[in-house]
Structures are given as structure tokens and as C-alpha cells.
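Participant: following is a predicted model, sequence given first.
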Amino acid sequence: MACCPTCAWLAIRATAEFRMKRKLLRCVALTLVAGCLSAAGWAQPDAEDARHWLEKMIQATQTLNYEGTFIFVQGPHLEAMRIIHSCDANGERQLLISLNGPHQEIVVTSNSVTRLAPGQREAFPGADFQRSPFPLSVPRDLGRLEGHYEFKLLGEDRIAGLAARVIAIKPRDAWRYGYRIWLDQRHGIVLRSALLDGKGYPIEQLMFTDVQIKPDIDKSVFASPLPRRDASPKTDRQDPRPPVGEPVTHSAWRIVELPKGFKKVLHNRFTKSPGHHSTEHLVFADGLATISVFLEQLDGAPLLQGGSQLGSMSAFGTVVEGYQVLVVGEVPAATVQHIATSIHRDPEAERP
């Protein structure tokens, strides 16, 4: 992920991880400076009430049409964005429009993500591994989370002029981050969210400044003319699609100590271009956090040795028997380091 304002585009994080991890590793690790969240009206914790509000949030994400403007803060980076969100029989569709810096748009559908900028168009197929791109991915089965997270109803607040309920999702161990979310009391949509470190300080924050529920959204708004509007023969280009991976059935790689709660949801192998070594890509998720592992034979210097961090994204790289081992995820730095140093290679295991 590049050390620039476009870091905040959450919609492409999952579907373009291979491209982003190379950009991320060019960044110097950042020191995060952020203030504590102001207290809302505190109430006695009630896990059942919190669960009810989370279920309402999931339902709202899958059924409501809305438009709004939000602010996203990640370390020293600040983004203002416009979002248009639509739900129909074909699933969710979203348009994210940057309001500061270079004009960019992200169109997210059920099986693809497209990034649009003047003279540029990048398409990322999303069929391999999908997650809700904005603003928080929570599984329908909340029971999947309860072994590793605790739900608490914290009280009430007011966001974007609307009454909100405040919910805490607290990790039961140090392997993952915590979350605090503000849900619209009437509809259940997320009005504000914060990703918290182990001490409860915010790493990333998102807050709506206005939001309107719509009976429907005109599909034509998702067909942006942006690339054609500003394109010229010198600047117009369409980046090639990332390679499509093939499922791996036999692998030489083993992770000896994977933190509890993380399950493998993807294991592919792909070659970025002819003449390059293949890359093995594994994705692990606990329902909220996602971790990617990249394994690639080296021909030269490793891309990363040691740790790197940008906002919530932590990375750790090491070399094992001539292979670059790279672990990237929206988890604490200690988690990616633990996984990277637990990876071993057994060539015999790769044979059918």
C-alpha cells in the first residue's frame, strides 16, 4: 500500500493485496499519534443488546440504499470521500469518490473492484476472496466471533446529527485489534467506526458528516465516464489485470503456530508474468481481521526483512530457504511476525 492519500481506499484492500503489498513495503514504518475517543453516555455492558445492534447493522448493510460523505483518518493521512451504496437482487454495489487530492473513484460490485482516475482504469477481479469492503466486515454468524471477541453496548451518542448507539468489539487476546462502532439508532447503518490498538487508542477512524437513506439508487451513477473525460493519448492507459490464481492442493509450506480463531479461506498459486517465479498466496481470517501470506522464490534481494507498518496494516518479511516469506494483515505487528517466524518449508509435502 502506497504511503499516500490513496491508502484510505478500503474497497481495494482485499482484492488487490498482491499489488498493494509491494507498495506498502516501500513505506517507512510510521509512528501513530492519535487522541483518545471522547466518551459517549456510558451504560452497563450488555452483550445481548450489543449482539442485537450488530445484527441490525448486518441487515442494514445488505438491504439499505444510501448516500453520504465521510472523513477517514489513518495516522497522518486524512481523506474526505463521498459514498453511494446500493443493494438489490444482484448484491451490494458501491461508488467511492475522493473529495480531496487527485480525483479518484472506486466502483465495487459483488465480484470486482474498479479504480478510476483521470486517464487511468484498474480492474481487480474479486472472485477469489470476498469481504464487505466498507466500512466494517462482520460475518452473518456472530457466533463465529464470540470465542475471540467480546461485544459490549457502551451507550448513546450523536453523529452527523443522528442519534447513535455505541458498540465495542473487544478482542479476548493480543493477536487482533479492537473496534468501536456508532450505529444509527433508526436504521442500524455505521455512522462512525474506530480501529483500536491494545491500549484502546485509535489507529484508524471513519466518521460520516452526512448520510441520507434512499428508496433506490439509479444504476447509471456506477457507470463513471471519468477515464474518458480526461484521457489523452499520452496519459490514457489501462493496467493489466492481476493474475488469476489456481487453487493449491499440495504445498510445501506449513504454519506451525497460527493464532487461534484464524482459518484458511484461500490458498492459490499464480505467476505474475511469464518468466517470473510463481507466488503462493494464503489468506487467513477470523471473521473481522484478514491476514495474507505471500511465498515467492528469490532471484535477488528480498523485498522486506523485518517489520513495516502503515496505519492498521502490519507487514513482516523474512527469508526461508531462498524464498521471500511476507505476511501482511490488518492486525498488530506482533501477529504478522509470529506467523512469519512460524512458517517452515517441507518439499516432501508438496508431492501428491
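Facilitator: That came through, no problem.
Participant: so which residues of the stretch 51-200 of the chain form helices?
Facilitator: 143-146 (DSSP state H, counting those that start in this stretch).
Participant: can you show me the strands along it?
Facilitator: Taking DSSP state E, counting those that start in this stretch as the criterion, the stretch 51-200 of the chain contains strands spanning 65-74, 77-88, 91-98, 105-108, 112-117, 120-125, 149-159, 162-171, 178-184, 190-196.
Participant: tell me which other helices or strands the second one touches.
Facilitator: Under the contact definition 3 or more CB pairs under 8 Å, 6 or more residues apart in numbering; DSSP states H and E, strand 77-88 sits against strand 65-74, strand 91-98. C-beta coordinates here come from the backbone N, C-alpha and C atoms, glycine included.
Participant: try it again at 10 Å.
Facilitator: Packing contacts for strand 77-88, counted by 3 or more CB pairs under 10 Å, 6 or more residues apart in numbering; DSSP states H and E, involve helix 47-63, strand 65-74, strand 91-98, strand 105-108, strand 202-214.
Participant: next: the fourth one.
Facilitator: Secondary structure elements in contact with strand 105-108, counted by 3+ CB pairs under 10 Å, 6+ apart, are strand 77-88, strand 91-98, strand 112-117, strand 120-125, helix 226-230.
Participant: pairing partners for the first one, with directions?
Facilitator: Looking back up the chat, that one is strand 77-88. The strands beside strand 77-88 in its sheet (DSSP bridges) come out as strand 65-74 (antiparallel), strand 91-98 (antiparallel).
Participant: so which of the ones you listed gets nearest residue 191?
Facilitator: For residue 191, the closest of those is strand 65-74, at 8.8 Å, according to CB to CB.
Participant: now the closest one and strand 202-214, what's the angle there?
Facilitator: Using axes from the mean of the first three to the mean of the last three CA atoms, to 10 degrees, the interaxial angle of strand 65-74 with respect to strand 202-214 works out to 160 degrees.
Participant: any idea how far strand 65-74 is from the middle of the chain?
Facilitator: Computed by CA atoms, centre = their mean, to the nearest Å, the chain-centroid distance of strand 65-74 equals 15 Å.
Participant: tell me the mean pLDDT over that strand?
Facilitator: Over the span of strand 65-74, the pLDDT mean works out to 94.
Participant: ok, stretch 269-276 next?
Facilitator: The pLDDT scores in stretch 269-276 average 77.
Participant: in it, what counts as buried?
Facilitator: Residues of stretch 269-276 classed as buried by neighbour count (16 or more other CB atoms under 10 Å): 269-270.
Participant: extract the CA atoms of it and return them as PDB.
Facilitator: Output in PDB follows, covering the C-alpha atoms of stretch 269-276 (Å, rounded to 0.1, in the frame of the first residue of the first chain):
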ATOM      1  CA  ARG A 269      -0.700 -20.100  -6.700                       C
ATOM      2  CA  PHE A 270      -0.200 -17.600  -9.500                       C
ATOM      3  CA  THR A 271       2.600 -16.300 -11.800                       C
ATOM      4  CA  LYS A 272       2.600 -12.500 -12.200                       C
ATOM      5  CA  SER A 273       4.000 -12.600 -15.700                       C
ATOM      6  CA  PRO A 274       5.900 -15.100 -18.000                       C
ATOM      7  CA  GLY A 275       9.500 -15.700 -16.800                       C
ATOM      8  CA  HIS A 276       8.700 -15.000 -13.100                       C
END
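Participant: offset the numbering so it begins at 20, please.
Facilitator: Shifting the count to begin at 20 puts that one at stretch 288-295.
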